[in-house]
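K.L.:
no sequence for this one, just the structure:
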């Protein structure tokens, strides 16, 4: 069951980046956040979407070469699937790391799939599968583009259901009252 509410995607990404800055610094990796359309609100389960962002960011750092960079970008796009309604929010997380071999790209979102055989000691191979399931629960999509030796970019979409400004202000005031 989803616990959906309106929230600012920027805040979620910035907080996720701050949680992984120490890991990036250990490898001297720069994380850049390009916000093409600031202030986008979406109606989604904040905790679950943060899990997707953190998983993809962690993987990008883990598989990046030392002294490289990870780029996160938020934009909008027109949906291409028959089930897409209107504009979609697109979050992209790209690295300049080792890349994924083409054979693995077809199954990378399956249960217990690892980008590399030696990854089995580092986890259960469930992270990207869970990301896919969360995106699908939100009527979104997730995909990957990769070139071996050049890096990988993961992208996911969510319906871009921006709340009218007067409703957003009322919801923020309501949250402030509850936290006081």
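P.N.:
Cool, got the structure. Not measured: the values here are computed from a predicted model. Numbering: from 1, shown residues only.
K.L.:
Does residue 29 touch residue 71 like I think?
P.N.:
No - Residue 29 is beyond contact range of residue 71, at 10.8 Å (criterion: C-beta atoms under 8 Å). Quick note: C-beta positions are derived from backbone N, CA and C, even for glycine.
K.L.:
thought residue 92 was touching residue 72?
P.N.:
Yes - using C-beta under 8 Å, residue 92 is in contact with residue 72, at 7.0 Å.
K.L.:
how many other residues sit next to residue 135?
P.N.:
Other residues lying near residue 135 total 22 when counted by other C-beta atoms under 10 Å.
K.L.:
Tell me which helix or strand it sits in.
P.N.:
Applying DSSP states H and E as the criterion places residue 135 in helix 127-137.
K.L.:
pLDDT on that helix, on average?
P.N.:
For helix 127-137, mean pLDDT rounds to 93.
K.L.:
Tell me the first helix or strand C-terminal of it.
P.N.:
strand 141-147.
K.L.:
Run the angle between that next one and helix 127-137 for me.
P.N.:
Here strand 141-147 runs at an angle of 140 degrees relative to helix 127-137 (axes from the mean of the first three to the mean of the last three C-alpha atoms, to 10 degrees).
K.L.:
Quick one: list the elements packing against strand 141-147.
P.N.:
Where contact means 3 or more C-beta pairs under 8 Å, 6 or more residues apart in numbering; DSSP states H and E, strand 141-147 is packed against helix 127-137, strand 151-159.
K.L.:
Now do the helices in this protein.
P.N.:
9-26, 46-62, 102-105, 127-137, 165-179 (DSSP state H).
K.L.:
To residue 155, which of those lies closest?
P.N.:
The closest of the helices of the chain to residue 155 is helix 46-62. By C-beta to C-beta, the value is 9.2 Å.
K.L.:
Quick check, residue 75 in contact with residue 38.
P.N.:
No - the criterion here is C-beta under 8 Å, and residue 75 misses it with residue 38 at 10.9 Å.
K.L.:
need the contact list for the most centrally placed residue in the chain.
P.N.:
With distances taken as C-alpha atoms, centre = their mean, the residue of the chain nearest its centroid is residue 53 (3.2 Å). Counting by C-beta atoms under 8 Å, 6 or more residues apart in numbering, residue 53 touches 12, 13, 16, 91, 93.
K.L.:
ok, 6 Å please
P.N.:
Contacts for residue 53 (C-beta atoms under 6 Å, 6 or more residues apart in numbering) come out as residue 16.
K.L.:
Next, the contact list for the residue lying closest to residue 148 once chain neighbours are set aside, please.
P.N.:
Distances taken as C-beta to C-beta, 6 or more residues apart in numbering place residue 99 nearest to residue 148, at 4.1 Å, with adjacent residues excluded. Each residue near residue 99 by C-beta under 6 Å, 6+ apart is listed here: 146, 147, 148, 149, 150, 151, 152.
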